[in-house]
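1. here is the input, now give the coordinates:
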Amino acid sequence: MRKTVVILAILITLAVLFQVPSQASSLPSSPASTPQPEVPQVVISVTLQGEAEPTYHVVSDSASRERQVQITPITLRFSGQLSAPSVLLSKAKPAATTANFVDNWDLLLEEDFEGSFPRGSCAVYDVSDDGFERTWDDDDFRPFDGSWAGWPANGGANGVDPAVSDYPANLDSWLICGPYDLSNAQKFLVKFYRWMEINDADDMVFVGASTDGQNFSGLGWHGTQAWVHYNVWFGGVAGDDSVWVAWGFQSDDDEDLAEGAWIDDLEVWRYNTPGAVCGSLDPGNKGIVLPPYDPTVGEPVPIIRAGDTIAVDKLKAAGVNWVRLGFVQMDGIVDWQAYDRMVDTLCAQGISVLGLVNHETLVHQDFNDPASAAEYRQEFADTVGFIADHFEGRIAYWEVWNEENLDEKPDDPYNPPRVDPQRYAPLLDEAYQSIKAVNPQAQVIFGGLASAWGDSNDYFVEVYSWLGSSTPFDYFAVHPYPRPDEGPDPQVYMYADRPQYDTIVDKFLKTMSDNDDGDKRVWITEVGWNSSKGSPTRPVCLDPVLVYESEQAAYLKPMFDILFDEVDVWGSPGIPAIEKVVWYQYMDVGVDDPCTLSRSVNGHMYVSFRDMVQAGSVDWWFGLYRGDKVTPKETWCAYLA
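-> Here you go, the predicted structure:
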């Protein structure tokens, strides 16, 4: 057993009762008996409300929905005397910058239990007052990662060994860290892994935060559960100059005891107020689709990160005004901190962000299942609302879903089936309400339809029929890709609906006018051509719409001219209907063969951001830049012009 001093701070206390079926028989008696399963990721937002009980909601949970979770707000009082921390991080440091990279996050605590414990700004306490001293300490019986984890009764003069003993009765053990200065902070995040076997409903493990070092509000659990990774966002504390965080364990005096709880890989983070705010910035009418994860690496790392901001330099060089950025979960959770850094770095360079939320934002994919569609919509709306609130002042435009009218391919491991219109209508409505509730000024964009052909308009009409009198979007979006019948030349296929309509976009404007939305404008959130014509590794099923690189460059300007100059508000000649055009995409990538995996509508294929990370062998060469991320193609000059 190793000793040191730890200081713990508690900000928000919530008694969370996880009523899960007992899994004691399935949990190993020692960590060596079975390999570690995939760890569920849980995001919970907790808000301190002065004298009132804190509020909370589960933002997302990658675990099975069959697990019943009950959460009860609670405030616990620490009755001990806090010791002075040996290390204290106070006021926010300037945002970390490397070249153009902006990082407004400070890591205040990192505890993996592998070195001396406790250390830094943390201390351990036993306030049970029963004549015994048992505190948190590190132990090697059940680590999540590495060789050690924290257990609440291993330390102190009367500490017990978890390898041979259950946790003791009458335990009141605290690990308290802080205080931390949040006077210039906007967000406060606590991350940790937790394992639990607590049978007595009156016993609990908890995490919380406090602004006075005594009254802690947060989350408490009992039940049986394998390792789970928690991201707990504490609201209502930003601006306070002294905030503590605590992990604790309490048991009563009966003998219904078990192994208790373990914690590992603790992190406490502070997000400081950014220097540049771009939520109201409208730098121009041209954008580009930027994959959030770098296709050149082969594993999920952000495309904008410390030590690599070349994409930002190239976006600036191309004259890009907007970036369409998809919010993609990896390993069960959206990496909020990675997105903060990307958005803040783009903002510092005067580039605004259109946020895309769709099937890639959540783990669960049961949006079309009649039995669970409502539950999916609730989780999606909660998550989208949390994201919109988190990025208020930095992202003001949100697109809800992407190409929801594509047909299903049952063997596709990444791309979801078509979202039925009767499912998309309420999903859009609930996401709209959730976004507007946290940021009334935010603008919601109807998910870009996969083509501008008649079947997409039929889908649009059907969505309207399910919406009824509600029209929960501020802008409409569509992707006017070519189809085999007309070929790839925009000066041909964009006029394929004549004489009924001037361009293939106009029928959507009429549909909006017919539904009293004629004053709403349009964003083209994807358009482009695959320049892999003639390549032996091209997607051969798309041959009729593939182009050479020179053709890709030659088609760009006429397409932009048609969209900006020839598409007018329905019934109002001379008033442009299209406000923004977003090129698909930043760079050439390789993907798994979309002809066998992905879905298609009129010769257009869907490839997800996850596909791009996999770096398959088939050419998906829509980019302004080549696959090395830095070499401009001929199309670059056309876009810049």
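
2. give me the below-cutoff pLDDT ranges for this protein.
-> Low-confidence segments of the chain, defined by pLDDT under 70: 1-37, 64-73, 84-99, 408-416, 597-606, 609-615.

3. domains for it, by residue range?
-> Domain assignment for the chain by automatic domain parsing gives 14-21+44-272, 286-640.

4. ok, the residue lying closest to residue 490 once chain neighbours are set aside - contacts?
-> Spatial nearest neighbour of residue 490, excluding adjacent residues (CB to CB, 6 or more residues apart in numbering): residue 559 at 4.1 Å. C-beta here means a position set from N, CA and C on the backbone, and glycine is covered the same way. Shown in contact with residue 559 (CB atoms under 8 Å, 6 or more residues apart in numbering): 490, 494, 527.

5. now the second one: how far from residue 568?
-> Pointing back at residue 494 there. 14 Å (CB to CB, to the nearest Å).

6. more crowded one of the two?
-> Ranked by neighbour count (other CB atoms under 10 Å), residue 494 and residue 568 place residue 494 first, with 23 against 17.

7. thought that one was touching residue 503?
-> Yes. Applying CB atoms under 8 Å, one finds residue 494 in contact with residue 503, separated by 5.2 Å.

8. for residue 509, grab phi and psi.
-> Per-residue torsions, residue 509: phi -70, psi -40 (degrees, to the nearest 10).

9. now for the closest residue to it other than its chain neighbours: which residues touch it?
-> Spatial nearest neighbour of residue 509, chain neighbours left out: residue 570 (3.9 Å); criterion: CB to CB, 6+ apart. By CB under 8 Å, 6+ apart, the residues touching residue 570 are 506, 509-510, 512-513, 518, 577.

10. how near is residue 570 to residue 539?
-> Distance from residue 570 to residue 539, by CB to CB: 35 Å.

11. can you check residue 282 too?
-> Going from residue 282 to residue 539 by CB to CB gives 36 Å.

12. between the two, which is the more surrounded one?
-> Using other CB under 10 Å as the criterion, residue 282 and residue 539 rank with residue 539 on top: 23 against 13.

13. the stretch 251-400 of the chain: helices as residue ranges?
-> In the stretch 251-400 of the chain, the helices defined using DSSP state H, counting those that start in this stretch lie at 310-317, 336-348, 373-390.

14. show me what counts as buried in the shortest one.
-> The reference is to helix 310-317. Buried residues in helix 310-317, counted by 16 or more other CB atoms under 10 Å: 310-312, 314-315.

15. same check, this time on the last one
-> For helix 373-390, the buried set under the neighbour-count rule, 16+ other CB under 10 Å, comprises 373, 376-377, 379-390.

16. other SSEs contacting that helix?
-> Applying 3 or more CB pairs under 8 Å, 6 or more residues apart in numbering; DSSP states H and E, one finds that helix 373-390 contacts strand 52-61, strand 352-357, strand 397-402, helix 421-438.

17. that helix versus helix 421-438: what angle between them?
-> For helix 373-390 against helix 421-438, the angle by axes from the mean of the first three to the mean of the last three CA atoms, to 10 degrees is 30 degrees.

18. hmm, residue 292 and residue 342 touching each other?
-> Yes. Residue 342 lies in contact with residue 292 (CB under 8 Å); the separation is 6.9 Å.

19. okay, and the common contacts of these two?
-> With CB under 8 Å, 6+ apart, residue 342 and residue 292 have common neighbours 302-303, 325.

20. list the contacts of the spatially most central residue of the chain.
-> In the chain, the centroid-proximal residue (CA atoms, centre = their mean) is residue 334; its distance is 2.8 Å. Counting by CB under 8 Å, 6+ apart, residue 334 makes contact with 43, 60, 327-328, 361, 383, 387.

21. closest one to residue 247 out of those residues, please.
-> Using CB to CB, residue 43 is the member of these that lies nearest residue 247, at 18.0 Å.

22. tell me which element the closest one falls in.
-> Using DSSP states H and E, residue 43 sits in strand 41-49.
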